[in-house]
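Undergrad: With the sequence up front, the predicted model follows.
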Amino acid sequence: MAQETPRNWFTERCEEHGSAFSLETARHVYEEQTPYQRLDIYETTRWGYLMTLDGLVMLTSRDNFLYHEMMSHPALFTHADPKRVVIIGGGDCGTLREVLRHPGVEHCLQVEIDERVTRLSEEYFPELCEANGDPRAELHFGDGIAWMKQAPADSVDLVIIDSTDPIGPAEGLFGEPFYRNCFRALGKGGILVQQSESPLLHFERIIQPMHKAMRAAGFSHTRTLHFPQPVYPSGWWSATMARKGEPLDAFREADARARPFPTRYYNAGLHQGALALPQFMLEGLPE
């Protein structure tokens, strides 16, 4: 539940965990009830533009690079030679931009259910949409769960689930049946990566069941990496990777160090560090 409080503060309340996060706003610039959700955009005083969906913070201009870089580069540099990438969700197109920074990627399909998220991102977050016109990019507006059911076997190297929280349209993206379809679509050594919420707030409810469901779907190795995300509940976020047949500890470290594109957060040392987990996660996750 969220609300815009007096003195022009947007506040998202995390009632379940007794916490809240606020951003000072200069003005409320856009609102729309799309076929899927309520979409609002605010201009903040220090964080650029803010997009919310159903009253929950999705991204700000100031800190989205943390999420987009960590949802893409660790998995891409872990795969031996990623050429075919599918993004489920990702309507703001920031993850698409990061994926297409990799010159070896030949095709990236983004399957987003709500076209309005993308069109409003093009208007208010144009820096995230720089790769939308790349000839390797393909935008498809539809149900990602249905698309993955129909995906040919062994047709993809990397699947990125850049989704909202596991409620509403995104709920089906967090279960074993969906992971089984991803497993089938991925080729040898293929990697699935999914945003997995806050290690502090959602470890037992989301991260642990996610590992269990991914393993049950056929993935032999799963790993969670973590990173800061100031505008999300607790300020501490994560992404969980699953792989067919090969471990996830090693990555193309030399390539990551020599990457031919700029990053603001990701680097090879950060990649290695993000795989080091606090004790409670080590004790609660499969080896």
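TA: All right, it came through fine.

Undergrad: what stretches of the stretch 51-200 of the chain score poorly on pLDDT?
TA: The model of the stretch 51-200 of the chain has pLDDT under 70 over residues 164-171.

Undergrad: All the helices of it, residue numbers only.
TA: With DSSP state H, counting those that start in this stretch as the criterion, the stretch 51-200 of the chain has helices at 64-78, 94-99, 115-124, 144-150, 176-185, 199-202.

Undergrad: Could you export those helices as a markdown table, including distance to residue 28?
TA: (Each C-beta comes from the backbone N, C-alpha and C, glycine too.) Compiled in a markdown table, the helices of the stretch 51-200 of the chain are given as follows (distance: least, CB to CB, whole Å):
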| stretch | distance to residue 28 |
| --- | --- |
| helix 64-78 | 20 |
| helix 94-99 | 22 |
| helix 115-124 | 12 |
| helix 144-150 | 30 |
| helix 176-185 | 35 |
| helix 199-202 | 28 |
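
Undergrad: now, of these, which is deepest in the fold?
TA: Of all the helices of the stretch 51-200 of the chain, helix 94-99 carries the top mean neighbour count, a mean of 26, counting by mean count of other CB atoms under 10 Å.

Undergrad: Need the residues that contact that one.
TA: By CB atoms under 8 Å, 6 or more residues apart in numbering, the surrounding residues in contact with helix 94-99 are 59, 64-65, 67-69, 71-73, 76, 85, 87, 90, 105, 108, 110, 125, 128-132, 137, 160, 162.

Undergrad: how does the chain divide up, domain by domain?
TA: Domain ranges of the chain: 2-60, 64-278, per automatic domain parsing.

Undergrad: out of those domains, nearest to residue 285?
TA: Using CB to CB as the measure, domain 64-278 is the one of these that comes nearest residue 285, at 5.7 Å.

Undergrad: thinking in terms of the whole chain, how far from its middle is that closest one?
TA: Centroid separation for domain 64-278 versus its chain: 5 Å, with CA atoms, centre = their mean, to the nearest Å.

Undergrad: Now do the end-to-end distance for it.
TA: 24 Å (CA to CA, to the nearest Å).

Undergrad: now the helix or strand harbouring residue 28 and helix 115-124, what's the angle there?
TA: Residue 28 belongs to strand 19-33 when assigned by DSSP states H and E. Going by axes from the mean of the first three to the mean of the last three CA atoms, to 10 degrees, strand 19-33 is angled at 100 degrees with respect to helix 115-124.
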